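Asks: Structure for this input, please:
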Amino acid sequence: MRMIRGPDPDNPRSVFHGLGRLYRGLGVSALRSVTTHGLLWTIFDYTGGIIDRLPRASPPELLP
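Replies: Presented below is the predicted three-dimensional model:
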């Protein structure tokens, strides 16, 4: 409850204000996670596209 009501027991915040602050913090965390995850997969997809466009090497000759 301290996270919602605030650190001062003599002057607590309203539950609505405390929950709003908590959800704002979670929203920032979620946005950061989505952005980082999306950026990571964008880089993976971009790199995979470059690799797919590389010319194929001919198979090596079989040694006798």
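
Asks: Report the mean per-residue pLDDT for the helix or strand where residue 44 lies.
Replies: According to DSSP states H and E, residue 44 maps onto helix 15-53. Averaged over helix 15-53, pLDDT sits at 87.

Asks: Which strands or helices does it pack on?
Replies: Judged by 3 or more CB pairs under 8 Å, 6 or more residues apart in numbering; DSSP states H and E, helix 15-53 is in contact with helix 2-5. Any C-beta I mention is one placed from the backbone N, CA and C, and that applies to glycine too.

Asks: Can you give me the buried ones in the helix holding residue 44?
Replies: By neighbour count on 16 or more other CB atoms under 10 Å, the buried set for helix 15-53 is residue 18.

Asks: Relative to the whole chain's centre, how far out is that helix?
Replies: How far helix 15-53 lies from its chain's middle: 3 Å, per CA atoms, centre = their mean, to the nearest Å.

Asks: Make 35 the starting number, not 1.
Replies: Fine by me, first position is 35 from now on; the one you just mentioned is helix 49-87.

Asks: Can you give me the neighbour number for residue 39?
Replies: Neighbour count for residue 39, taken as other CB atoms under 10 Å: 15.

Asks: May I ask you to confirm that it is in contact with residue 45?
Replies: No - contact criterion CB atoms under 8 Å: residue 39 and residue 45 do not qualify, at 9.7 Å.

Asks: quick one: residue 52 and residue 58 touch, right?
Replies: No - judged on CB under 8 Å, residue 52 makes no contact with residue 58 at a distance of 10.7 Å.

Asks: what residue is smack in the middle of this protein?
Replies: Centroid check for the chain by CA atoms, centre = their mean gives residue 67 as the closest residue, at 2.0 Å.
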